[in-house]
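[1] Pasting the sequence and the predicted model now:
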Amino acid sequence: MEVKLLEKEGVQVFMVTGEINISTSPELKRQFEKQPSKKVVVDLEKVTYIDSSGLATLVEILKKTKTQGGSLGLSGLSDKVKSLFEITKLDKLFQVHKTQDEAVTRVK
Amino acid sequence: MRKKFQVDSDLAVVQKTSEEVLSFLKPVPLGEAALFDIRLCLEEALINAMKYGNALKKEVPVELDVEASDKEVRITVKDQGPGFDVKRLEDCTDEKNLYRNHGRGVYLIHQLMDEVRYNDTGNTLLMVKRIKVINQSA
């Protein structure tokens, strides 16, 4: 897994590539804690696999962002990844957007 | 075809084990989505067996039995623990539990597999994925 960080219109964008699983999710959490922000987008367009620990990590990131009074959006979910959010009803918890630009516009 | 695996209770070998299982299942005509589901459920089951069944004691093995026919893939995951009662898990999709990170792996297994069964002790899990025939002319 690789995480690239960029700032767009005051929003911290985490672009994740690869798999978010039990081995890699601590690194995603670490990257997030290094760059805490009130306006966050996690772009999952290049994420090919996610397990329950990956979902749990995103929930933790969302919880921390909300606790600080911020907002977080997800973008670019593949059909398969999106279906996991729907099955687990996490789509009710997260703002899910088609594109990174759309997510940035909503979060900023 | 059938293959048995013995896996150390070490989270670092979860991915390697699922790669070996998926490689064994290569001749089976499973689509990409079914392979994703099998991999995810297998990894979730392995992690639970290692963590909650075998208390992450490396030397205590998780036993895997993978059987495939032209109709279905059957995966049995057995740990050496006292077993657990799946009915005691709270519904992770209940609104009050959405922020809690507990039971989501087991829930995904029940949703993504076609059949899920535990033995009476609760330390052996059987997961079945049926092979869907894709009509090429459709």
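    The structure has been received and is ready for your questions. Residues are numbered from 1 along each chain as shown, chains lettered A, B, ... in the order given.

[2] pLDDT below threshold where in the chain?
    Here I'm looking at chain A. Regions of chain A meeting the criterion pLDDT under 70 are absent.

[3] Switch to chain B, please.
    Checking chain B against pLDDT under 70 turns up B:134-138.

[4] Could you rerun that using 90?
    For chain B, the stretches flagged by pLDDT under 90 are B:84-90, B:101-102, B:132-138.

[5] need the residues of it near chain A, please.
    B:11-12, B:14-15, B:33, B:36, B:39-40, B:43-44, B:47, B:92-93, B:95, B:98-99, B:101, B:104-105, B:107-108, B:111-112 (C-beta under 8 Å from any C-beta of the partner chain). Every residue, glycine included, has its C-beta placed from N, CA and C.

[6] In helices, which of these fall?
    Using DSSP state H, B:14-15, B:33, B:36, B:39-40, B:43-44, B:47, B:104-105, B:107-108, B:111-112 are the members of the residues of chain B next to chain A that sit in helices.

[7] Can you flag the buried ones in those?
    Buried residues within these, counting neighbours by 16 or more other C-beta atoms under 10 Å in any protein chain shown: B:14-15, B:36, B:39-40, B:43-44, B:47, B:104-105, B:107-108, B:112.

[8] And the residue nearest the centre of chain A?
    A:Val42 (3.1 Å; C-alpha atoms, centre = their mean).

[9] that older thread, between the buried ones among the ones in helices among the residues of chain B next to chain A, which sits nearest A:Lys66?
    Nearest to A:Lys66 among those, counting by C-beta to C-beta, is B:Arg104 at 19.0 Å.

[10] Just list the residues touching the residue nearest in space to the middle of chain B, thanks.
    The centroid of chain B falls nearest to B:Leu42 when counting by C-alpha atoms, centre = their mean (3.0 Å). Residues in contact with B:Leu42, defined by C-beta atoms under 8 Å, 6 or more residues apart in numbering or on different chains, are B:Thr17, B:Ser18, B:Val21, B:Ile75, B:Val77, B:Met127.

[11] Get me the contact residues on chain A for chain B.
    A:21-23, A:49, A:51-53, A:55-56, A:59-60, A:63, A:80, A:84, A:87-90, A:92-93.

[12] Mark which of those residues are part of helices, please.
    A:Ser52, A:Ser53, A:Leu55, A:Ala56, A:Val59, A:Glu60, A:Lys63, A:Lys80, A:Leu84, A:Ile87.

[13] Report how many residues lie close to the nearest residue to the fourth one once chain neighbours are set aside.
    Take A:Ala56 and drop its neighbours on the chain: the residue closest to it by C-beta to C-beta, 6 or more residues apart in numbering or on different chains is B:Asn101, 3.7 Å away. Counted by other C-beta atoms under 10 Å in any protein chain shown, the residues lying close to B:Asn101 total 17.

[14] shouldn't B:Asn101 be in contact with A:Leu58?
    No. Look at B:Asn101 against A:Leu58 with C-beta atoms under 8 Å: they stay out of range, at 10.0 Å.
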